[in-house]
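Enquirer: Build me a structure from this.
(chains A and B)
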Amino acid sequence: MSTATETIEQLANREYKYGFVTDVESETIPKGLNEDIVRLISQKKAEPEWLLEWRLKAFRLWLTMKEPTWQNVKYDPINYQDISYYSAPKKKKVLNSLDEVDPEVKRTFDKLGIPLEEQKLFAGVAVDAVFDSVSVATTFREKLAGMGIIFMSFSEAVQHHPDLVKKYLGSVVPHTDNFFAALNSAVFSDGSFVYVPKGVRCPMELSTYFRINAKDTGQFERTLIIADEGAYVSYLEGCTAPMRDENQLHAAVVELVAHDDATIKYSTIQNWYPGDKEGKGGIYNFVTKRGLAQGRRSKITWTQVETGSAITWKYPGCILQGDGSIGEFYSVATTNNWQQADTGTKMIHLGKNTRSTIVSKGISAGHGQNTYRGLVRIGKNATNARNYSQCDSLLIGDKCGAHTFPYLEIRNTSAKVEHEASTSKIGEDQIFYCRQRGLPTEDAVNMIVSGFCKEVFRELPMEFAVEAQKLLSVSLEGSVG
Amino acid sequence: MSMLDIKNLQVKAEDKDILRGIDLHVNPGEVHAIMGPNGSGKSTLARALSGHPEYVVTGGTVTFEGKDLLEMDPDERAREGVFMAFQYPVEIAGVNNSYFLKAALNAKRKHHGQPELDAMEFMQLVQEKAKLLEIDRSMLTRAVNEGFSGGEKKRNEIFQMALLEPKLAILDETDSGLDIDALKLVANGVNAMRSPERAFIVVTHYQRLLNYIVPDFVHVLSGGKIVKSGGKELAHELEAKGYGWIDAA
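Expert: Predicted coordinates:
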């Protein structure tokens, strides 16, 4: 074995950096799911009656629904009674400021590179930190509030802005949407809420950092972002979890609403624990994300870098309702070792002159299986709709797989829809070429992979593009020997 | 001691013995041409020297500046100053040509304990070399070899060579597929880089390239062995008599 190969193997054996567990006293409700549990969650959050009713409606529907099986992933049946649906670090009293966050929790976020002290954060990024089932801190709230921007945890929004929550909750992803969305609607615990008022351009990146800590729990967060007329907001979420031998379920729902001339950019850097090299453990990331481009000339952009999770199942989509509205989806999904991903997007064109762009980059290594699944639907009234889709797959090694399932439904003859797809193997010859110029193997692989992902990375906010690139190289370590 | 000492080198590729005992000594400042019919092992020699993983050394030694070259990984050989211009340069989509070159150059500088060049210093160097080789600036901002014509790819190889300033440059059939104008450009680039400190191994099937890059020595390979060595006139003799003449001899 050459020394370069050895170096890479050593790197590969390096542990998942975020796999530690925080020792914090938690309040975790008993395992199992029934109406009493739903009531208990609602009660813990002191929710109004209408929200409890909404949860119960979702729960009763969920009981009648079947878990989907059409996706191109394999896993043992999930025992929904063996999960705890609520876990929160115990707090002694109501938090009045960031200083009152449990020091252990604070240290956790410090360790993850997300200091909760405002002065230590990236300039220009406000953070909502979610630990297991609850939001523990939201930074820069006052500054944002001064401009009329609401950025707080979902639970707080229910208390402080019930009208807004009531108006928009479930308006894009109804509780009837699918099995996991119904489950989430019944038991969701926390998440972020953003409202940007008319004509306001949010001056900083808003971001939520999700952390699963407790054992045998699931995380079911709910995020709702509303950009009123002419508003602009860029939002980013990041996620990590400890290394555990059991699989943990993460079933989130994200809803975006963009009014006339509003723009929402939603970026995800997903780095949940992917399981070990034998495929043991890891997060099941079953997520429903959708944006409603309701207003004229509104725009929604989804950018995702999916490097973690044992299984990823998500299709962030756009409903292009407003005339002239734009939907974009930029995705990098990597699967290494035994990871599986079935991800893509849905672009539903309803309004006239609507445009959508899909750029999907799938990278498979080890025994990883990577599926792109995308729907482009052009409705009857969507005159002059345009779509451009590009799906590229990169294979590293010969035990992995790449699959592409594009669905096109076109009901208007003026539509222009383009689809391009490619599959390539990262070549020994490419790596050798780089090495012959003096670059070590790891650098060569990183360079080739980032070149492949370039069109997606340039859509990320600057601070995170670098992070994403690093993450990608870590997640692919050991894939070339 | 020469810069490069090859002793009884034997190399396998795809389980077939290709090189069956090569001896070659190259001193700084010299240009050695390696000629031979198809399948004689010329390109194998070039690739084995650069450490291509598909070429397995089964016997012999190669010493480069007193160090065991065969012990080194391909990237280490490159950083030590061995450069190979590829017969078929590969494309790397999405990776900017000058970004690639900067990474390569800095990897080498770091290896030699020199400070890495910043963007400004690098661009200055690039402009200087681009002028020397009549390289179109737009080639630098494109992805590595992506969409390049055959001629552009070969010029890009020579450009990389000029930038990395190797001690030993190996040209693996750089002339294949080039028209006469492109061939002249490539040859001019190589000639501009000839110096008393630098050595070249020029692998070629045709004598044509050697009209422009005049070698000090010509070696003829056949059946995995050097069967004849001589001065530049040997190339002309081969041109006149064909490779059959060697095999018959």
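Enquirer: Surely residue A:56 is in contact with residue A:41?
Expert: No: the pair residue A:56 and residue A:41 does not pass the contact test of CB atoms under 8 Å, sitting 11.0 Å apart. Placement of C-beta: from N, CA and C, glycine included.
Enquirer: So for the two, which residue has more residues nearby?
Expert: Using other CB atoms under 10 Å in any protein chain shown as the criterion, residue A:56 and residue A:41 rank with residue A:41 on top: 21 against 16.
Enquirer: Now do the contacts for the more buried one.
Expert: By CB atoms under 8 Å, 6 or more residues apart in numbering or on different chains, the contact set of residue A:41 is A:29, A:55, A:85-86, A:187, A:189.
Enquirer: With adjacent residues omitted, what lies nearest to the closest residue to chain A within chain B?
Expert: Of all residues in chain B, residue B:94 sits closest to chain A, at 3.1 Å by CB to the nearest CB. Spatial nearest neighbour of residue B:94, chain neighbours left out: residue A:451 (3.1 Å); criterion: CB to CB, 6 or more residues apart in numbering or on different chains.
Enquirer: show me what contacts the one you found?
Expert: B:92-95, B:143.
Enquirer: In which helix or strand does the most centrally placed residue in chain B reside?
Expert: For chain B, the residue sitting closest to the mean C-alpha position, by CA atoms, centre = their mean, is residue B:170 at 1.9 Å. Using DSSP states H and E, residue B:170 sits within strand B:168-172.
Enquirer: That strand vs chain A: in contact?
Expert: No: using CB under 8 Å from any CB of the partner chain, strand B:168-172 stays clear of chain A, coming no nearer than 9.8 Å.
Enquirer: From the rest of the structure, what touches whichever helix or strand comes after that strand?
Expert: Note on strand B:168-172: by DSSP H and E, the next helix or strand toward the C-terminus is helix B:180-193. Contacts of helix B:180-193 with the rest of the structure, by CB under 8 Å, 6+ apart, involve B:132-134, B:150-151, B:154-155, B:158-159, B:161-162, B:165, B:169, B:171, B:174-175, B:178, B:200, B:202, B:208-209, B:212-213.
Enquirer: could you point out which element follows helix B:180-193?
Expert: Assigned by DSSP H and E, the successor of helix B:180-193 is strand B:199-203.
Enquirer: what's in contact with the strand or helix carrying residue A:51?
Expert: If you go by DSSP H and E, residue A:51 is part of helix A:49-64. Here helix A:49-64 makes contact (CB under 8 Å, 6+ apart) with A:33, A:35, A:38-39, A:41-42, A:158, A:165-166, A:169-170, A:175-176, A:179, A:182-183, A:185-187.
Enquirer: got the buried residues for that helix?
Expert: Within helix A:49-64, the residues that count as buried by 16 or more other CB atoms under 10 Å in any protein chain shown are A:51-52, A:54-59, A:61-62.
Enquirer: Kindly report the same for stretch B:81-98.
Expert: Within stretch B:81-98, the residues that count as buried by 16+ other CB under 10 Å are B:81-87, B:89-90, B:92-98.
Enquirer: Just these: which are in strands?
Expert: Secondary structure from DSSP state E places B:82-85, B:92-96 of these in strands.
Enquirer: The residues you listed: which two are farthest apart?
Expert: B:82 and B:94 (27.5 Å; CB to CB).
Enquirer: Can I get the contacts of residue A:451 in CSV including distance to residue A:335 and pLDDT?
Expert: What follows is the contacts of residue A:451, written out as CSV (distance: CB to CB, whole Å; pLDDT from 0 to 100):
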residue, distance to residue A:335, pLDDT
B:92, 22, 91
B:93, 20, 87
B:94, 20, 87
B:95, 22, 91
B:143, 25, 89
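Enquirer: I'd like those laid out as a markdown table, including distance to residue A:444.
Expert: Shown next, in a markdown table, are those (distance: CB to CB, whole Å):
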| residue | distance to residue A:444 |
| --- | --- |
| B:92 | 9 |
| B:93 | 14 |
| B:94 | 14 |
| B:95 | 10 |
| B:143 | 15 |
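Enquirer: Residue A:225: which of those is nearest?
Expert: Within these, proximity to residue A:225 (CB to CB) peaks at residue B:94, which comes in at 30.7 Å.
Enquirer: In which helix or strand does the closest residue to chain B within the stretch 251-400 of chain A reside?
Expert: Nearest residue of the stretch 251-400 of chain A to chain B: residue A:392, at 9.0 Å (CB to the nearest CB). According to DSSP H and E, residue A:392 maps onto strand A:386-395.
Enquirer: repeat for residue B:215
Expert: Using DSSP H and E, residue B:215 sits within no helix or strand.
Enquirer: Now the phi/psi pair for it, please.
Expert: phi -80, psi 160 (degrees, to the nearest 10).
Enquirer: show me where chain B has strands.
Expert: Using DSSP E, the strands of chain B run over residues B:4-13, B:16-26, B:31-35, B:55-64, B:67-68, B:82-85, B:92-96, B:143-144, B:168-172, B:199-203, B:217-222, B:225-230.
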